[in-house]
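Enquirer: any chance you could fold what I've pasted below:
(chains A and B)
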Amino acid sequence: MDKKSPCKATLEQLCDVLEYELGHEAGSKACKEILEHVKNCPECCAEVDTLRKTVRIFKQIPEREVPQDVQWRLLTELNLNLPASGKIDNKVEV
Amino acid sequence: MKDINRSNLDSKKIDDQKKRAAEKKLIAKAVEGDTKAGTEIVLQHQGNVYNLALRMTGNEHEAESVLQETFLKVFEKLPEFRGESSLGTWIHRIATNIVLMQLRKRKGKYFVPIEDENRADEDNGGDIAYVARSFDRDPLELTLNEELKKSLEKAIIELPPNLRTAFVLKDMEDHSMAEIAEQTGKSISAIKADLHRARVKLRKKLAEFIDKGASNG
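Expert: Just a heads-up that it's a prediction; the model follows:
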């Protein structure tokens, strides 16, 4: 914890807490200590909770389809055969 | 319960093995010059590469250029592919290196830390009281409609490049901190700081969006 503001984890530590919370990486000892603090501190709890929700909602953005003209140019650049149907439907019989 | 879990694990393992075997066959055919196999590889993986490039560059033309450069490299190097990772992971790694190189070329000072006017605001948490009030309406309950989707995509594109790199690679593409550090040539601490600043900036944008939605009814 930062001595000047005991309620605020450093950026790095807060990041570790989130990685742990989001199930990305194993929690370090420092991270687990901060988590204990977060549980009992409404301000820190709001900080972690809102960041976690932010990450989750951004992760929900669906992937865009590759535009057909982009696919055609790519296959042409690679000298690859276009599917026999002449239609790119992302599945070719091999 | 344990038996069910074990049976699920076993069937997943068998599926993975079948997938790997089919992939190996496809690669061998493509290396021999079978253009249908080559096309299949492109069609299977182009979406991931294009979306990574689009999120990282925020530009459709640059994303197309990354896409083409990636697959040119993939087919050049395919005979050397040893299958130590899945083909998708290997292609993704090539694409990441190409997109990072493209971003470096853009300004020549890509990895210089950017001191922007919002730094002080971020360091105090981007006004957590305001954010917490906005988040009273749980953003995860929002419908991800076209308008929200576009706003979120725009928010990512508007991040400074170093923050965008950390956020896209870690939070959207699930790379490990160590991988990102290696790919960008930065320290893990620096990546963590960039990631945190990116998340705070995006949270603020999201709070504004929720607020706007609430005031519009």
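Enquirer: and the next helix or strand past the helix or strand B:A21 falls within?
Expert: Using DSSP states H and E, B:A21 sits within helix B:2-31. Tracing the chain C-terminally past helix B:2-31 and defining elements by DSSP H and E, one meets helix B:35-57 next.
Enquirer: what about the helix or strand following that next one and chain A, any contact?
Expert: The helix or strand immediately downstream of helix B:35-57 is helix B:60-77, counting by DSSP H and E. Yes - interface with chain A: helix B:60-77 contributes B:64, B:67-68, B:71-72, B:75 (CB under 8 Å from any CB of the partner chain). Heads up, the C-betas are built off the backbone N, CA and C, glycines and all.
Enquirer: returning to that earlier point: off-centre distance for the helix holding B:A21?
Expert: Here helix B:2-31 is found 25 Å from its chain centre; the criterion is CA atoms, centre = their mean, to the nearest Å.
Enquirer: that helix to helix B:35-57, inter-axis angle?
Expert: Orientation of helix B:2-31 against helix B:35-57 (axes from the mean of the first three to the mean of the last three CA atoms, to 10 degrees) gives an angle of 110 degrees.
Enquirer: for the chain, give me the ranges with low pLDDT.
Expert: All of this refers to chain A. The model of chain A has pLDDT under 70 over residues A:1-31, A:82-94.
Enquirer: you looked at the wrong chain, it should be chain B
Expert: For chain B, applying pLDDT under 70 flags the ranges B:1-4, B:107-127, B:137-143, B:214-217.
Enquirer: which residue is nearest the middle of it?
Expert: Nearest to the geometric centre of chain B sits B:E173, at 3.4 Å (CA atoms, centre = their mean).
Enquirer: and the longest helix that chain A contains with chain B, contact?
Expert: In chain A, assigned by DSSP state H, the helix with the most residues is helix A:42-59. Yes - if you take CB under 8 Å from any CB as the test, helix A:42-59 does meet chain B, through A:43, A:46-47, A:49-51, A:53-59.
Enquirer: could you pull up phi and psi at A:P62?
Expert: Here is the backbone geometry of A:P62 (degrees, to the nearest 10): phi -70, psi 150.
Enquirer: same thing with the one 5 residues further on?
Expert: Here the main-chain torsion angles of A:P67 (degrees, to the nearest 10) amount to phi -60, psi 150.
Enquirer: tell me where chain A has helices.
Expert: Taking DSSP H, the helices of chain A run over residues A:11-21, A:29-39, A:42-59, A:68-77.
Enquirer: any chance of the ones you listed in TSV, with mean neighbour count too?
Expert: Shown next, in TSV, are the helices of chain A (neighbours: other CB atoms under 10 Å in any protein chain shown):
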stretch	mean neighbour count
helix A:11-21	21
helix A:29-39	15
helix A:42-59	19
helix A:68-77	15
